[in-house]
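Asker: got a predicted structure plus its sequence, pasted below:
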Amino acid sequence: MHETEIKRFFSNKGIALLMVLWVLMLLTVIVGEFCFAMRTRMNITRNFKESTQAYYIAVAGLNKAIEQTILLQTAPKIVSVEENDEADMEEDMVEYRMNITMPPVPFGSGAYEIRIENESGKINLNLADRDLLRVMLGRLDLDDEEKDVIVDSIMDWRDPDRNHRLNGAEDDYYLSLPEPYESKDAEFDAREELLRVRGVTPDIYQALASSVTVFPKTDVQKKAQRTGKRKQKTEFDYNRLDINAIPLELWAAFPGMTETLVADIGTFRAEKDFVSLREVVEIVGPDVYRGLAKYLTTQTSPYFILRSKGKIPGSRISEGVSAVILFDLRAEKKYQMIQWTDDMARKETENPQPVS
């Protein structure tokens, strides 16, 4: 074989080897991409399955919360037992209480956590008077003028007229803003509307969000009357807050309250409910209580926020649902659904937060 032919032979072999290597690399990439795609699809399918299971477990928990809320209003010391297995009965015994996150309750292939919140411990943006609205701002680092602006502006926002109070705001102020809008001159429909009120910054709103409510609204009461439902009792004083439902951050806003006293209130509530105002006196002392007395009550509102979170063992996916419900134990159905919210799917962090 001539030298030229020998060189050509080895050259062709080298090209063939390179082509084989390139083909192998291409196949490797294709197989790798296929495996990645299949794994991604499997993860998506598994997440969708777990998310769906968790959602309906959460819905089951919310229905349980509705049942327990009715029982709590008729027999406040009801103890509920989930009867899954006689051997586990003692572990599954749960004492349902308002404004406390309940421990997980097994259900189906997972478990739910529920929280029953009564709106009587929050400041009603539609019904609270000037004094209570000012208390709401007590723990914020604001001067008196800033507090006056916010309080007057809240009252101007919700009243039907177009006359602003001394420190308030109406159309003339809001229409002068870079992005103008009109004053609502009607009830708050959502607490987020506070962000549109003069003087309320995003930071102030975040500090107030857990302490305020917009329920009840008179349009809900009117609708109940039009549909033939009985009118709710009006005896509840919305300028007083239920001592068993007041968030700790709102306790901190009351005059005379210190971090230590707020912590003592939290410790007491973690163990049991207040039965009387006298128990509050024993914790905060008579001097501090005198400044709180006109804001406190043991009465509950007919409006509740029920929250439920469903989880699957071994999964970091959880789903939640919440509902605002108006309870009327004199009505045939006992309750009226006012608002339903599906929480978005989420993964639990290293330190998952309780339902709140």
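Answerer: Thanks, I have it.

Asker: now do the strands in the stretch 151-300 of the chain.
Answerer: 212-213, 241-242, 296-297 (DSSP state E, counting those that start in this stretch).

Asker: just these: most buried one?
Answerer: The highest average neighbour count among the strands of the stretch 151-300 of the chain, using mean count of other CB atoms under 10 Å, belongs to strand 241-242 at a mean of 25. Every residue, glycine included, has its C-beta placed from N, CA and C.

Asker: adjacent strands (with direction) for that one?
Answerer: strand 296-297 (parallel) (DSSP bridges).

Asker: off-centre distance for the strand it pairs with?
Answerer: Offset of strand 296-297 from its chain centre (CA atoms, centre = their mean, to the nearest Å): 23 Å.

Asker: and what of stretch 326-344?
Answerer: With CA atoms, centre = their mean, you get 16 Å for stretch 326-344.

Asker: next, the buried residues of that stretch.
Answerer: 326-328, 334-336, 338, 343 (16 or more other CB atoms under 10 Å).

Asker: so which of the residues you listed belong to strands?
Answerer: Those of the buried residues of stretch 326-344 mapping onto strands are 326-327, 335-336, 338, per DSSP state E.

Asker: turn the buried residues of stretch 326-344 into CSV, including distance to Leu71 and pLDDT.
Answerer: Conversion of the buried residues of stretch 326-344 to CSV gives the following (distance: CB to CB, whole Å; pLDDT from 0 to 100):
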residue, distance to Leu71, pLDDT
Leu326, 17, 92
Phe327, 11, 91
Asp328, 15, 88
Lys334, 11, 89
Tyr335, 12, 91
Gln336, 18, 91
Ile338, 20, 91
Asp343, 25, 78
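
Asker: just these now: which is nearest Asp189?
Answerer: Ile338 (11.3 Å; CB to CB).

Asker: neighbours of Cys67, just the number please.
Answerer: Small correction: residue 67 is Glu, not Cys. When neighbours are defined as other CB atoms under 10 Å, Glu67 has 14 of them.

Asker: any idea which element it lies in?
Answerer: helix 3-74 (DSSP states H and E).

Asker: the stretch 251-356 of the chain: helices as residue ranges?
Answerer: 259-271, 277-284, 286-292 (DSSP state H, counting those that start in this stretch).
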